[in-house]
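1. Predicted model follows, preceded by the sequence.
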Amino acid sequence: MEETLELLGQGVEAFRAEALASTQTTSASEPRKRFKAIKRNQLMIRPVDVEKLVEEDDPVRAIWMMVSGLDWSRFEDDVKVVEGGKGRSNTDPRLLAALWIYGYSEGINSARELSRMCSYEPRCQWLTAMEEVNYHTLSDFRTKDKEAQDDLFKQVLGRLSAEGLTELKRVMQDGTKIRAQASGNSFRREDTLREHLKLAQEQIEAMGTADSEELSQRVMKARQRAAQEKKQRLEQALEELKTFEQDRQDSEKAARVSESDPEARVMKQPDGGFAPSYNVQICTEVSNKIIVAVETTQAGTDYDELVHGIDAVHANTGQTPEQMVVDGGYIKNTNIEEAAQRGVDLIGPVAESNPAASLKKRGVSPDFYPDKFRYDGQTDTFTCPAEKTLTFQRSSRRDGRIEHQYRAKAADCEVCPFRDQCCLKTSPRMVIRKEDSEAVKAFRAKMQTEQAKQIYRARAEVAETPNAWIKAKFGLRQFRLRGLRKVGIEAIWACLTYNIRQWIRLNWKPRQAAAFAAAGGV
Ligand code: SF4
């Protein structure tokens with residue numbers, strides 16, 4: 001058989017050579033030009049020096065050096081095979097982690113793609129020592145244990161801190177929306193979800209009674225598994241719908257959740273559009289732009305994320321940042337007070353409340369806006385534009401400030417010629433005097449200083465650097481996995497990779513260059 005193939009191969013080559021010769025114009029006196037034959041019908045064995053697959057200063061060596069120095073005991077809990085014992089050896093968690101970190105740094109976040117790369121890509125081949133790594137192994141390792149991945153992130157932070165790359169004097173927090181796997185069309189109301197759940201249940205029951213001889217056992221099991229997963233997702237979507245309905249404020253519209261990724265939320269995007277996404281909160285220290293905390297949430301806005309950010313930094317580093325710098329999306333009175341209570345110096349733009357929009361909507365004339373009412377601190381009363389007195393009613397605490405209510409006499413407003421411009425349907429007229437807490441007053445005063453303004457101006461460059469890296473360099477514009485826990489793990493891997501890349505740039509490469517120079521290199 002082999003001989004026949006070889007003869008066939010030779011015959012084809014001879015035919016090609018003849019055909020080529022017939023197209024060339026050669027004179028009878030000139031011999032035909034000769035070229036190296038291209039022989040593809042052969043097997044070759046070449047020795048490979050695995051160590052030489054990558055250069056001495058290749059970043060993949062730094063990745064391996066970093067992961068080799070970490071404690072992997074948390075990843076060894078499930079490993080049953082021991083040295084000298086029976087059974088197949090497990091893949092080293094250091095290798096799997098190094099492959100993922102290298103993969104993310106190259107914009108690869110697919111287990112299948114990474115597994116394929118192990119068969120041809122020199123850096124992956126160097127890491128694996130030319131062994132194959134199954135994509136199931138890679139995939140399971142990435143998502144198995146969120147706590148272990150968190151611990152890995154902390155360990156790397158600890159290494160960076162020990163090498164003097166982090167300091168928590170000033171930390172900048174920013175959120176970035178990363179698209180979920182779910183499409184906008186997968187969002188359903190409760191009645192539709194229940195209908196689809198019923199259909200999924202019927203499908204599973206029908207499978208149980210189907211004549212399985214028509215299908216192989218493998219195909220049958222795969223279909224059953226897919227149907228079960230669909231049913232579970234729909235059940236989870238109904239549960240998620242309850243939570244979502246409790247949390248959201250615009251309760252007039254019927255709540256909808258995705259049946260393919262129930263924990264994804266429709267969020268406003270930087271381009272002004274809306275898409276199913278998760279909100280990734282990143283805290284970055286200023287000295288070397290190292291990420292010191294990463295949290296993934298379902299919140300569409302950043303208002304409630306500041307305190308979580310401060311606590312996450314503390315959990316990762318054992319320290320509370322001295323100063324947190326955030327944009328206007330995080331500034332509200334309760335956050336200012338919480339930061340002050342934790343001893344954190346908060347820097348951010350002062351939010352000015354503007355009641356004009358709601359008054360205009362209610363038809364109040366600008367001549368009767370609150371600033372046209374005179375306050376007298378001695379009598380604690382307001383005087384309206386018609387020179388009538390509004391007296392104090394009560395005080396209440398709202399959004400971190402005290403609100404004092406003052407009301408005009410009903411008898412005055414009922415006969416007032418300006419009533420249509422001032423009170424409209426609400427009679428008598430009420431005015432609210434807002435009093436900030438000491439922490440908010442101090443924050444407002446601080447933000448008037450040039451020093452605070454200068455610190456804030458530097459925010460965007462630092463806070464947005466990791467976001468840009470993760471999206472533009474690592475290609476994480478859309479999560480590959482589904483569910484809050486799993487997308488949180490994806491975010492951790494991307495941030496871990498970012499930190500290791502920073503370490504390579506700041507410490508490992510300069511050390512390599514110094515060692516090369518000391519060895520007499522040019
Ligand atoms: S409606 Fe009442 S509060 Fe308004 S101007 Fe007249 S008296 Fe004053």
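-> Perfect, I can see it now.
2. closest point of the stretch 251-400 of the chain to the ligand, which residue?
-> Residue nearest to the ligand within the stretch 251-400 of the chain: C384 (3.2 Å; CB to the nearest ligand atom). For glycine as for every other residue, the C-beta is placed from the backbone atoms N, C-alpha and C.
3. Quick check, that residue in contact with R429.
-> Yes. Between C384 and R429 there is a contact under CB atoms under 8 Å: 6.7 Å.
4. where do the contact lists of these two overlap?
-> Taking CB atoms under 8 Å, 6 or more residues apart in numbering as the contact rule, C384 and R429 both touch F368, L390, A408, C422.
5. so how many other residues sit close to the first one?
-> Counted with other CB atoms under 10 Å, residues neighbouring F368 total 21.
6. leaving aside the residues next to it on the chain, what's closest to it?
-> C422 (4.1 Å; CB to CB, 6 or more residues apart in numbering).
7. Quick one: neighbours of the one you found, just the number.
-> Quick note: C422 (other CB under 10 Å) scores 24 neighbours.
8. now A439
-> A439: 17 neighbours (other CB under 10 Å).
9. What of the one 3 residues further on?
-> A total of 14 residues lie near A442 under the criterion other CB under 10 Å.
10. and the strand or helix carrying it, average pLDDT?
-> Element membership of A442, judged by DSSP states H and E, is helix 438-446. Averaged across helix 438-446, the pLDDT comes to 93.
11. Tell me who's in contact with A356.
-> A356 touches P366, Y369, counting by CB under 8 Å, 6+ apart.
12. now do R159
-> Applying CB under 8 Å, 6+ apart, the residues contacting R159 are M66, G69, L70, W503.
13. Which two of those residues have the greatest separation?
-> Spanning the widest gap among the contacts of R159 are L70 and W503, at 12.5 Å by CB to CB.
14. which residues of the stretch 401-522 of the chain fall in helices?
-> 410-414, 419-422, 438-446, 450-457, 459-468, 484-503, 509-518 (DSSP state H, counting those that start in this stretch).
15. residues from the stretch 51-200 of the chain in reach of the ligand?
-> Not one residue of the stretch 51-200 of the chain sits near the ligand, judged by CB under 6 Å from any ligand atom.
16. so where's the stretch 51-200 of the chain shaky on pLDDT?
-> In the predicted model of the stretch 51-200 of the chain, no residue satisfies pLDDT under 70.
17. Looking at the stretch 51-200 of the chain, which residue is nearest the ligand?
-> G175 (43.0 Å).
18. so when I look at that residue, I'm seeing a strand, right?
-> Yes. Under DSSP: H, G, I helix; E, B strand; the rest coil, G175 falls within a strand.
19. give me the number of residues near it?
-> 23.
20. and what of A491?
-> A491: 23 neighbours (other CB under 10 Å).
21. Please list all residues in contact with N279.
-> Counted by CB under 8 Å, 6+ apart, N279 has contacts G175, T176, K177, M267, T296, T297, Q298, A299, G300, D302, E305.
22. can I get these in CSV with secondary structure?
-> Listed next are the contacts of N279 as CSV, based on three-state DSSP:
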residue, secondary structure
G175, strand
T176, strand
K177, strand
M267, strand
T296, strand
T297, strand
Q298, coil
A299, coil
G300, coil
D302, coil
E305, coil
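23. Tell me which two of these sit farthest apart.
-> T176 and Q298 (14.3 Å).
24. For these two, work out which one has more neighbours and name it.
-> Ranked by neighbour count (other CB under 10 Å), T176 and Q298 place T176 first, with 21 against 17.
25. So for L5, what's the pLDDT?
-> 45.
26. relative to helix 484-503, how tilted is the helix ranked longest in the chain?
-> Criterion DSSP state H: the longest helix present in the chain is helix 217-247. With axes from the mean of the first three to the mean of the last three CA atoms, to 10 degrees applied, the angle from helix 217-247 to helix 484-503 works out at 90 degrees.
27. same for helix 217-247, what does it pack against?
-> helix 190-209, strand 257-258 (3 or more CB pairs under 8 Å, 6 or more residues apart in numbering; DSSP states H and E).
28. Please identify the deepest-packed of these.
-> strand 257-258 (a mean of 26; mean count of other CB atoms under 10 Å).
29. who does that strand pair up with?
-> strand 187-188 (antiparallel) (DSSP bridges).
30. what's next to the partner strand, contact-wise?
-> Residues contacting strand 187-188 (CB under 8 Å, 6+ apart): H196, A237, R256, V257, S258, E259, V266, P276.
31. could you check the angle helix 484-503 makes with the longest strand anywhere in the chain?
-> The longest strand of the chain (DSSP state E) is strand 274-285. Orientation check (the same axes, to 10 degrees): strand 274-285 against helix 484-503 gives 40 degrees.
32. ok, K230 - contacts?
-> A200.
33. Could I get the pLDDT score of it?
-> 83.
34. just checking, I402 touches V440?
-> No. Counting by CB under 8 Å, V440 is not a contact partner of I402; they are 10.4 Å apart.
35. Give me the more crowded residue out of the two.
-> Neighbours were counted for I402 and for V440 using other CB under 10 Å; V440 has more, 20 against 13.
36. Please identify the residues of the protein in proximity to the ligand?
-> 384-386, 388, 408, 412-413, 416, 418-419, 422-423, 428-429.
37. Where neighbours are concerned, which of these has the most?
-> Result: R429 is most packed of the residues of the chain next to the ligand (other CB under 10 Å), 26 neighbours.
38. Tell me how many other residues surround G69.
-> 11.
39. residues contacting it?
-> Neighbours of G69 in contact, by CB under 8 Å, 6+ apart: R159.
40. if we go to 10 Å?
-> By CB atoms under 10 Å, 6 or more residues apart in numbering, G69 lies in contact with R94, Q155, V156, R159.
41. how close does the last one sit to L165?
-> Relative to L165, R159 is positioned 9 Å away (CB to CB, to the nearest Å).
42. tell me, what's touching those two both at once?
-> N499, W503, N507.
43. Test my guess that the first one contacts L160.
-> Yes. Counting by CB atoms under 10 Å, N499 does reach L160; the two are 6.3 Å apart.
44. who has more neighbours, the two?
-> N499 (26 against 23).
45. From D71, how far out is that one?
-> In terms of CB to CB, N499 sits 17 Å off from D71.
46. Based on its surroundings, how many neighbours for the closest residue to E245 other than its chain neighbours?
-> Leaving aside its sequence neighbours, E245 sits nearest to A255 (CB to CB, 6+ apart; 4.6 Å). By the criterion of other CB under 10 Å, A255 has 18 neighbours.
47. Now A255: which helix or strand?
-> Per DSSP H and E, there is no helix or strand for A255.
48. show me where the stretch 251-400 of the chain has strands.
-> 257-258, 265-268, 274-285, 291-297, 323-325, 345-347, 374-376, 381-383, 389-398 (DSSP state E, counting those that start in this stretch).
49. Highest mean neighbour count across those, which stretch is it?
-> Of these, strand 257-258 is the most buried (mean count of other CB under 10 Å), at a mean of 26.
50. What lies in contact with that strand?
-> By CB under 10 Å, 6+ apart, strand 257-258 touches 180-190, 193, 233, 236-245, 263-266, 276, 482.
51. And the pLDDT for G272?
-> 84.
52. swap that for M1, sorry
-> At M1, pLDDT is 44.
53. try T243
-> For T243, pLDDT reads 80.
54. again, but for K39
-> 89.
55. roughly how far apart are it and the ligand?
-> Distance, K39 to the ligand, by CB to the nearest ligand atom, to the nearest Å: 99 Å.
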